[in-house]
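In: Prediction below, plus the sequence it came from.
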Amino acid sequence: MLALWFVTHQTVLSTLNEGAESEVDVDIAGLVDIYATSGQGELERRIADRIALTPSEGSTPHYLLADNAGNVIAGDIASWPGLDARVSEAGVIAIGDQSEAFARAVQLGPDLRLLVARRIDGNDAVLRNVTLAFAFAGTFFVVLVALLGRLAALKLQRRIGQINSAFRDPEAESELEQRIEGDEIDELASHSAKALRRQRNLMEAYKETSEQLAHEMRTPLSHLDNRLLKALQSGPEAKVGERLVEARAEIKRLVQTLESLLDIASSKTRRGDAAGLEPVDLSALISRICDLYSGSAEETGHELVCDVEPGVVIDGEEHQLGRLLTNLLDNALKYVPAGGRIEVILFQGPELVIRDDGPGIAPSDRLRIFERFYRGRASMNETHGSGLGLALAQAIAERHGLSLTLDYTDRGASFRLS
Amino acid sequence: MAAFDPQGHALAGANSQGGGMDRTPLRILYVEDDARSAAAVSELAEQSGDVIVWEEQGSGALLRAGMEAFDVIILDRMLDDIDGLTITKRLRESGIGTPILILSALGRSADRTDGLDAGADDYMAKPFEPEELMARLRALHRRSQGREHSAVIIYGAFECHLKARTAFRDNRHLALSPKEFELFRYFMENAGETVTREMLLRDVWKMDFDPQTNVVDVNIGRLRRKLEEGFDAPALETIWGSGYRILDGR
């Protein structure tokens, strides 16, 4: 901007000076001609005429006719400036206190010289205007460019922000579909919208299917259960009654299996998804569960030791974390023989260890115990249990961004949630 | 051969055996689109002397709940027109505070949370234990009436001193652990009612899921021994397949 101003300034300056220069030269030529043809007297008259005349355009002329000693013969310039008339020197001279003029000197005779000058003060005003124009226009453009830049940045920010917010809340309808500029960001937005829509459709389909499944299973099971209950209330024989009670328990287990399967699926689809998680006091939850299980452990002859560091809080779903722990404790109580020791240890990390000194997990089963419906050989003859406990526990761990692993131990089983 | 009596008493006799816990019948609004479920619950309410008003549609239920007074409302979730969660929200928004129990086929823990978040007071999944449904409805009604127990609850031979946290039977002090006292107190607060495992888990252990093993029964077994040691009459009655009830101990 500054460079542009400088170039313009110099160009305007030289153009203006050239104008003054050519005016001076034309004037000198005329006056020299008059002197040559009509003599000094005529020249003096003409100079006086010209001084008296104010030009309608161009700059005011000034003259000085003097002898070699510098004595003024005619003209309105007070004294001879430092211009050499013998070589027709030209240059800028001062006129009065403030004005500047372009002047040229010529030697007319052996003791006569002439100086013609044109004021170039007007040039300053023009140059000032040029500078002012540049200052205003410059500031204006700088501000404009800054504003446009800011606007573009804001717009970009908003568009990226839209994509981000769409991902933050994938369930909400987003407006990513509209194409605004047709550029790369639009393409990114459109890909994001497609991915989100696909995800939303999958989640919806999953939710719908699981709700229908639950509804279509639970309602008839409910009717069936109701009939069994009626049969029970009609006072059947003792043996029949026992069977009826067993049948009702079977219905309950069926429902629980269905629920566990749906929960595993739901936990898996929401793996690592922080939505819906709230701070859970893991220490308090585990203490309550230990309290609940302590009686059972005592009855079955197990030693249940709970070592819980207080104040361990994680973002999670409390009931799911509770199920994770109860599944592991149920297993321990089921497989560890009486007299065995079961430890529940929680410390900051968070890290939860549930270990026992029971028969442990056979090496061949190590990899498969977390699979759905897999039961180790030790439990093959067990009719109870759905074979989903550990699969569900692991799915819940993953949903919380944690992992549930089986430690390598010399004896017993040691599960670690971290 | 002896007849099998799964509950130790007839359903309809719940009042008479309860030791004088006479109660006014509940007026219940039941919103359910499945006629068979509706019939089953209506029969149940009839047996316990309560009145069921059945609404098949959510819109009708909204109208009715706004115009008539009910003691409790039972809502199904998957209705034809408006779903139960929306009905719950609308009722709460319009300032109707009648206790709501959602009875739904959507029974996973996440579904329960949704229901309670929407403003329901309780949530039960189908298939359900009829005794438990009625017990929970009565508990909801009691709570909404603000009938708080005084410092001492007396039921038959039992006394529960809430402030001192002590328990007596026939004026004899019962040495209960803190958790056993909580259990005893819960039974006393619900004297005459069936208390289910789910209720105990939820209210005493603050857990809204059901461990698959018999942990609750074991805890009840221990409490029962403490309550019955040195006495002839039983203290707790097992309601087969559904829960327990405290007896008057005489």
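Out: Now that the structure is in, tell me what you want to look at. Since we're looking at a predicted model, the values are computed, not measured.
In: C-alpha from now on. contacts and neighbour counts both.
Out: Fine.
In: what separates A:T326 from A:A338, distance-wise?
Out: Separation of A:T326 from A:A338 (CA to CA, to the nearest Å): 19 Å.
In: of these two, who's got more company?
Out: A:T326 (24 against 16; other CA atoms under 10 Å in any protein chain shown).
In: Contacts only, for that one.
Out: Counting by CA atoms under 8 Å, 6 or more residues apart in numbering or on different chains, A:T326 makes contact with A:289, B:211.
In: Tell me which residues of stretch A:113-124 come out buried.
Out: A:113-120, A:123 (16 or more other CA atoms under 10 Å in any protein chain shown).
In: Quick one: mark the members of those residues that sit in strands.
Out: Among the buried residues of stretch A:113-124, the members falling in strands (DSSP state E) are A:113-119.
In: Kindly reformat the buried residues of stretch A:113-124 as TSV and extend each row with pLDDT and distance to chain B.
Out: Below are those laid out as TSV (pLDDT from 0 to 100; distance: CA to the nearest CA, whole Å):
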residue	pLDDT	distance to chain B
A:R113	88	108
A:L114	89	105
A:L115	88	102
A:V116	88	99
A:A117	87	95
A:R118	84	92
A:R119	80	89
A:I120	76	86
A:N123	68	81
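In: Quick check: the farthest pair among those?
Out: Spanning the widest gap among the buried residues of stretch A:113-124 are A:R113 and A:N123, at 27.5 Å by CA to CA.
In: Quickly list what the residue nearest to B:F70 when sequence neighbours are not counted is bridged to.
Out: Take B:F70 and drop its neighbours on the chain: the residue closest to it by CA to CA, 6 or more residues apart in numbering or on different chains is B:R27, 5.3 Å away. Judged by DSSP bridges, the bridge partners of B:R27 are B:V51.
In: Just the CA coordinates for stretch A:264-275, please, in PDB.
Out: Output of stretch A:264-275 as PDB, limited to C-alpha atoms (Å, rounded to 0.1, in the frame of the first residue of the first chain):
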ATOM      1  CA  ILE A 264     -25.200 -57.100  25.400                       C
ATOM      2  CA  ALA A 265     -26.200 -55.800  22.000                       C
ATOM      3  CA  SER A 266     -27.100 -52.400  23.300                       C
ATOM      4  CA  SER A 267     -23.800 -52.100  25.200                       C
ATOM      5  CA  LYS A 268     -21.900 -53.200  22.200                       C
ATOM      6  CA  THR A 269     -23.500 -50.600  19.900                       C
ATOM      7  CA  ARG A 270     -22.800 -47.900  22.400                       C
ATOM      8  CA  ARG A 271     -19.200 -48.900  23.100                       C
ATOM      9  CA  GLY A 272     -17.100 -45.900  24.100                       C
ATOM     10  CA  ASP A 273     -20.100 -43.600  23.700                       C
ATOM     11  CA  ALA A 274     -20.200 -41.100  26.600                       C
ATOM     12  CA  ALA A 275     -23.800 -40.100  26.000                       C
END
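In: Go through it and flag the buried ones.
Out: Buried residues in stretch A:264-275 (16+ other CA under 10 Å): A:264-268, A:270-271.
In: Strands of chain B, start to end?
Out: Under DSSP E, chain B gives strands at B:27-31, B:51-55, B:72-75, B:100-104, B:122-125, B:152-155, B:158-161, B:166-169, B:172-174, B:195-196, B:236-239, B:243-246.
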